[in-house]
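Novice: pasting the sequence and the predicted model now:
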Amino acid sequence: MIKAKKETIPNDVLEELITLGEGYKTEFKETLPSPEAVARTICAFSNTKGGNLFVGLTRTGIPVGILNEDEELTKLEEAIPMIIPRPDISVSAVRFKKTGLLIINVPEGEKKPYYLKNGKGLKSYIRVGELNVQASKKVVKRIVNSNPFYGEKRLKKEEKIILDIFSQHKQLNFQDIKSIINFSDKKIRKILRGLCKKGFIIPAENDTYYYNEMNFT
């Protein structure tokens, strides 16, 4: 379960951050919205330069405080599994002007691009000003090509999506993958063969279409 770490941040430091208002790396919420909306913001921060999501503030930065910390953390817990690959976040509980706030810190992701998974498939988001904007195919391709995470073994976007799924589940069979991502059977098998050839995954010994994630850096 996600927990908030109690932090002591000087009021003048917080006030300076909050006075700057919402923007490229900052978003304010009185209370967290739906898990999907939360996931969209975290995905966008991860795909750009990271950011902080303040909970307990109005859009104009007026502190209203947290009514129920557990409810806010529950929404966050429901949001994280919607993002592929799983993002790194940390949560701080702070006091500001006699009210309690939560600060969800999202660093720039090391495994960009990040995708939001829902019933309609996978979508990637980036931060544009204070908005979360769906990334075009061209932008996603640029993110993939500029990310050094995979070293010299460049992966196609579809290969990276499936490999990111393995990073969360470790072991999957064909039907598992098909239930997560809406690709055709032929396309999934082709991608799995390609990942095997490149050394990222290996077939299980029992040859029942299970694939194990390989350790790689």
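Specialist: Received the coordinates, thanks.
Novice: now the strands for this structure?
Specialist: For the chain, the strands defined by DSSP state E occupy 5-6, 26-29, 51-55, 83-84, 90-96, 99-106, 115-118, 121-128, 131-134, 171-172, 201-203, 211-213.
Novice: nearest to residue 183, out of the ones you listed?
Specialist: strand 121-128 (9.5 Å; CB to CB). C-beta here means a position set from N, CA and C on the backbone, and glycine is covered the same way.
Novice: quick one: list the elements packing against that closest one.
Specialist: If you count contacts as 3 or more CB pairs under 8 Å, 6 or more residues apart in numbering; DSSP states H and E, strand 121-128 packs onto helix 35-47, strand 115-118, strand 131-134, helix 137-146.
Novice: how far does it sit from its chain's centre?
Specialist: Average the C-alpha atoms of strand 121-128, do the same for its chain, and the two points are 10 Å apart (CA atoms, centre = their mean, to the nearest Å).
Novice: repeat for stretch 112-127
Specialist: 8 Å.
Novice: stretch 67-84: how far from the chain's middle?
Specialist: With CA atoms, centre = their mean, you get 12 Å for stretch 67-84.
Novice: which outside residues touch it?
Specialist: Contacts of stretch 67-84 with the rest of the structure, by CB atoms under 8 Å, 6 or more residues apart in numbering, involve 1-4, 31-36, 38-39, 42-43, 46, 55, 66, 86-87, 89, 91, 93, 100, 102, 104, 114-118, 122, 161, 164-165, 168.
Novice: mind running it again at 7 Å?
Specialist: 1-2, 4, 31-32, 35-36, 38-39, 42-43, 55, 66, 86, 93, 102, 104, 114-118, 122, 161, 164-165 (CB atoms under 7 Å, 6 or more residues apart in numbering).
Novice: winner for burial among the strands of the chain?
Specialist: Across those, averaging neighbours per residue (mean count of other CB atoms under 10 Å) puts strand 83-84 on top, at a mean of 24.
Novice: just checking: what are the partner strands of that one?
Specialist: The strands beside strand 83-84 in its sheet (DSSP bridges) come out as strand 115-118 (antiparallel).
Novice: ok, and what's touching the strand it pairs with?
Specialist: 36, 39-40, 43, 82-84, 122-125, 161.
Novice: using CSV, write down the CA coordinates of that strand.
Specialist: Extracted in CSV, the C-alpha atoms of strand 115-118 (Å, rounded to 0.1, in the frame of the first residue of the first chain):
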residue,chain,number,x,y,z
TYR,A,115,1.1,4.6,-21.5
LEU,A,116,-2.3,4.9,-19.9
LYS,A,117,-4.1,1.6,-20.1
ASN,A,118,-7.9,1.5,-20.1
